[in-house]
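J.: can't give you the sequence, but here's the structure:
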């Protein structure tokens, strides 16, 4: 992202003076701050209103990539959606393999040998799966740990996690395009 994108973003918000009066690192920082705030505030509000996990820790690094490096492969809709999808599948798969998938909530956070195995298995399977799928989205490794460590495990909530990633990507598409960034619809053109 170059100076012109952030300048266009602030000009569209009738805040063009920002680009004229602060240095590029501060301008870019403000761009990431404003868009990250908007995106996570919307998802956190949805979580608050519905009582569902529309916001979870790995959305933070995903939002950071979407606004700091929107034209990187790791920030493309393809890599975000497939990466988190792989993480969700591997996290829940690790719970199934270790017998932890349907534990009562009271046992969900105990650190046991099966939990250690689930965490290690989910992370390695997610990383290996992303390599095989040619997907580059490191925050998905946090998503898989959120699941395998028992923080979010209900199958309906896992579907909601992927939907939240989709909503974040839609917001990034809208905000980055608003700023004049040619954020891809699916993947970067090679």
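T.: Thanks, I have it. Every value quoted in this text rests on a predicted model; they were computed, and no experiment measured them.

J.: Could you use CA atoms for every contact and neighbour count after this?
T.: Will do.

J.: and residue 78, which of the three is it?
T.: The three-state label for residue 78, taken from DSSP: H, G, I helix; E, B strand; the rest coil, comes out as helix.

J.: In the longest helix anywhere in the chain, which residues are buried?
T.: The helix that spans the most residues within the chain, counting by DSSP state H, is helix 24-50. For helix 24-50, burial by neighbour count (16 or more other C-alpha atoms under 10 Å) applies to 24, 27-28, 31-32, 35-36, 39-40, 42-44, 46-47.

J.: Take these and write them to a markdown table, including pLDDT and distance to residue 139.
T.: Listed next are those as a markdown table, based on pLDDT from 0 to 100; distance: C-alpha to C-alpha, whole Å:
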| residue | pLDDT | distance to residue 139 |
| --- | --- | --- |
| 24 | 78 | 26 |
| 27 | 84 | 25 |
| 28 | 88 | 21 |
| 31 | 92 | 21 |
| 32 | 94 | 17 |
| 35 | 95 | 18 |
| 36 | 97 | 15 |
| 39 | 97 | 16 |
| 40 | 98 | 15 |
| 42 | 98 | 19 |
| 43 | 98 | 17 |
| 44 | 98 | 18 |
| 46 | 97 | 21 |
| 47 | 97 | 20 |
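
J.: Looking at those residues, which one is closest to residue 163?
T.: The closest of the buried residues of helix 24-50 to residue 163 turns out to be residue 43 (C-alpha to C-alpha; 10.6 Å).

J.: OK, contacts around residue 59?
T.: Under the criterion of C-alpha atoms under 8 Å, 6 or more residues apart in numbering, the neighbours of residue 59 are 40, 139, 165.

J.: so what's the second one closest to, chain neighbours aside?
T.: Okay, so that is residue 139. Beyond its immediate neighbours in the sequence, the residue positioned closest to residue 139 (C-alpha to C-alpha, 6 or more residues apart in numbering) is residue 58, lying 5.5 Å away.

J.: That neighbour contacts residue 137, correct?
T.: No. The pair formed by residue 58 and residue 137 falls short of the contact definition of C-alpha atoms under 8 Å, at 10.7 Å.

J.: The two: which has the busier surroundings?
T.: Just comparing residue 58 and residue 137: by other C-alpha atoms under 10 Å the higher neighbour count belongs to residue 137, 24 against 19.

J.: Just want the phi and psi numbers for that one.
T.: For residue 137, the backbone dihedrals are phi -150, psi 90 (criterion: degrees, to the nearest 10).

J.: Could you report the separation of it from residue 72?
T.: The gap separating residue 137 from residue 72 is 10 Å, by C-alpha to C-alpha, to the nearest Å.

J.: that older thread, which is the next helix or strand following the longest helix of the chain?
T.: The element immediately downstream of helix 24-50 (helix or strand, assigned by DSSP states H and E) is helix 59-68.

J.: Could I get the average pLDDT for that next one?
T.: Average pLDDT, helix 59-68: 97.

J.: This protein: helices as residue ranges?
T.: With DSSP H, the ranges of helices along the chain come out as 3-12, 17-21, 24-50, 59-68, 77-98, 113-133, 139-148, 155-178.
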